[in-house]
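Trainee: task: produce atomic coordinates for the following.
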Amino acid sequence: MKAISRVEGRAYPVGLKNIDTDVIIPAVWLKTISRVGLGKGAFESLRAVPGNVFDDPEYAGAPILIAGDNFGCGSSREHAAWAMADMGISAVIAPSFSDIFSGNAFKNGLLAIVLPQAAIDRLMEVARTDDIHIDLETQTVTTPFQDRFEFEIDPFRKHCLINGVDEIGLTLKSSDAISVYEAKLSADRPWLAPNPV
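Mentor: Numbering: from 1, shown residues only. The predicted structure is shown next:
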């Protein structure tokens with residue numbers, strides 16, 4: 001997982017409420033277990049509308065998406081976070097997220113920031129013309145116009161995102177201790193040891 005401490009640049013000013021995972025990545029794109037290439041199908045129904053922000057060259061490669069309430073609702077597909085990451089998005093800012101999407105985003109290195117609607121409205125305005133800056137260390141979102149919005153994040157999630165380590169990576173850091181424990185367990189309770197094949 002790629003480490004995140006700062007995200008800065010243009011932001012897609014989407015602002016829509018209740019964007020579900022089928023809008024983020026339609027079911028027709030779920031025939032793969034690869035994370036590569038899903039960005040092409042991300043937000044397909046919104047991209048079908050002429051003049052959409054996703055195909056506007058002004059926002060090309062934007063690392064931030066600003067959304068409305070209940071972002072990521074619907075099914076629990078992990079492909080939604082994969083698709084957003086594949087299109088270059090590193091952070092989503094919204095008033096609220098689906099719990100499952102929020103968990104999937106974290107586990108896949110996508111920063112989900114909750115801010116009040118008034119902050120979202122201001123960021124939507126700024127995103128149309130200027131960059132937005134996110135600092136995970138200080139837990140702030142700022143603009144070139146001296147706007148400063150603080151956000152909360154679970155300390156464990158913050159640690160993992162800043163260090164670029166997922167839950168598997170955390171477990172692997174303890175592999176020596178796990179091996180020692182398993183060897184001791186096998187010696188103390190041989191009836192629990194797996195039978196050799």
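Trainee: buried residues of the lowest-mean-pLDDT helix or strand in the chain, list them for me.
Mentor: Using mean pLDDT, DSSP states H and E, the weakest-scoring helix or strand in the chain turns out to be helix 167-172, at a mean of 82. When burial is assessed from 16 or more other CB atoms under 10 Å, helix 167-172 yields no buried residues. (Each C-beta comes from the backbone N, C-alpha and C, glycine too.)
Trainee: can you show me the CA trace of that helix as PDB?
Mentor: Written as PDB, here are the backbone C-alpha positions of helix 167-172 (Å, rounded to 0.1, in the frame of the first residue of the first chain):
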ATOM      1  CA  GLU A 167      -3.400  -5.100   8.000                       C
ATOM      2  CA  ILE A 168      -1.500  -7.900   6.200                       C
ATOM      3  CA  GLY A 169       1.600  -5.800   6.400                       C
ATOM      4  CA  LEU A 170       1.200  -5.300  10.100                       C
ATOM      5  CA  THR A 171       0.800  -9.000  10.600                       C
ATOM      6  CA  LEU A 172       3.900  -9.800   8.500                       C
END
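Trainee: that one: what's the following helix or strand?
Mentor: Next in sequence after helix 167-172, counting helices and strands by DSSP states H and E, comes helix 175-188.
Trainee: so what touches that following helix?
Mentor: Residues from elsewhere that reach helix 175-188 (CB atoms under 8 Å, 6 or more residues apart in numbering): T171, L192, A193.
Trainee: same check on stretch 107-120?
Mentor: For stretch 107-120, using CB under 8 Å, 6+ apart, the contacting residues are 1-2, 4, 7, 15, 66, 68-69, 71, 78, 81-82, 84-85, 89-97, 101-102, 105-106, 123, 134, 136, 141, 149, 151-153, 161, 164, 166-167.
Trainee: in this protein, which segments are predicted with low confidence?
Mentor: Along the chain, the model assigns pLDDT under 70 to residues 195-197.
Trainee: show me where it has its helices.
Mentor: Assigned by DSSP state H, the chain shows helices spanning 21-24, 44-47, 79-86, 99-107, 117-127, 155-163, 167-172, 175-188.
Trainee: quick check: the residue nearest in space to the middle of the chain vs R128, distance?
Mentor: Nearest to the geometric centre of the chain sits L110, at 2.1 Å (CA atoms, centre = their mean). L110 sits 23 Å away from R128, taking CB to CB, to the nearest Å as the criterion.
Trainee: could you do D176 as well?
Mentor: 52 Å.
Trainee: who's more crowded, the two?
Mentor: Applying other CB atoms under 10 Å to D176 and R128 shows that R128 carries more neighbours, namely 12 against 8.
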